[in-house]
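[1] Here is the input, now give the coordinates:
(one chain, ligands or ions: 1)
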Amino acid sequence: MENGGVAFAPKVGVVVFLLKGDKVLLGRRRSHVGYNTFALPGGHLEFGESFEECAATEMKEETGLDIDKIDYLTVTNNVISREAKPLHVVAICMRAVLADPNQMPQNLEPDKCDGWDWYDWNDLPKPLFGPLETMVRRGFNPFSYQSK
Ligand SMILES: Nc1nc2c([nH]c(=O)n2[C@H]2C[C@H](O)[C@@H](COP(=O)(O)OP(=O)(O)OP(=O)(O)O)O2)c(=O)[nH]1
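    Numbering: from 1, shown residues only. Okay, here's the model as predicted:
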């Protein structure tokens, strides 16, 4: 989009498929972007951060959870909105497990999320956040996916 190339420049997001048994951690968004949809924990990459650091930091800030075995899965290119508030996010998708399998998620940013819960990958809640919905529709599976 033409505006000098800055304000509408694509952003880098880092999202985390946190796996526990056959389940994945999702929360219902309260943000204007994707309001009421179920999404992965995640945020924007900050200056100097590695993908792994960003994944761990966002997870801790949003859920209080400590994660382990953080690895890169894939990348998605998402034009999330075009008109009123243009948003184009390149999402780096990571996978992780709980450092302590007994740790429970807390809703530490209640203005951004209704709460976190574990959902069976084969019985995901609806509606999913657009970028996640697209991955699921294309057959992406974070349990079996091997990054190249
Ligand atoms: N949270 C989340 N973000 C996603 C997903 N898929 C996807 O493309 N994104 C993109 C869109 C968001 O603009 C971006 C970062 O997530 P966010 O909207 O939750 O960011 P945030 O306000 O908490 O970020 P921050 O600025 O506090 O770091 O990643 C997903 O499943 N969950």
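
[2] residues from the protein in reach of the ligand?
    Taking CB under 6 Å from any ligand atom as the contact definition, the chain meets the ligand at 13, 15, 31, 33, 39-40, 42-44, 78, 89, 91, 112, 129, 131-132. Yep, even glycine has a C-beta here, placed from its N, CA and C like the rest.

[3] which residues are in contact with the longest helix along the chain?
    Secondary structure assigned by DSSP state H gives helix 51-63 as the longest helix of the chain. Residues outside helix 51-63 that contact it (CB atoms under 8 Å, 6 or more residues apart in numbering): 14, 16, 18, 25, 27, 41-43, 45-46, 49, 65-67, 70, 72, 92, 94, 96, 105-109, 112-113, 116.

[4] Filter these down to the buried ones.
    Buried by 16 or more other CB atoms under 10 Å: 14, 16, 18, 25, 27, 41-43, 45, 49, 65, 67, 70, 92, 94, 96, 105, 109, 113, 116, out of the contacts of helix 51-63.

[5] now the strands for the protein?
    In the chain, strands defined by DSSP state E lie at 11-20, 23-29, 38-39, 42-44, 67-81, 87-98, 113-120, listed in chain order.

[6] can you put the ones you listed in a markdown table and add mean pLDDT and distance to residue 144?
    A markdown table is the format used below for those (pLDDT from 0 to 100; distance: least, CB to CB, whole Å):
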| stretch | mean pLDDT | distance to residue 144 |
| --- | --- | --- |
| strand 11-20 | 98 | 11 |
| strand 23-29 | 98 | 13 |
| strand 38-39 | 98 | 21 |
| strand 42-44 | 97 | 21 |
| strand 67-81 | 96 | 11 |
| strand 87-98 | 97 | 11 |
| strand 113-120 | 98 | 15 |
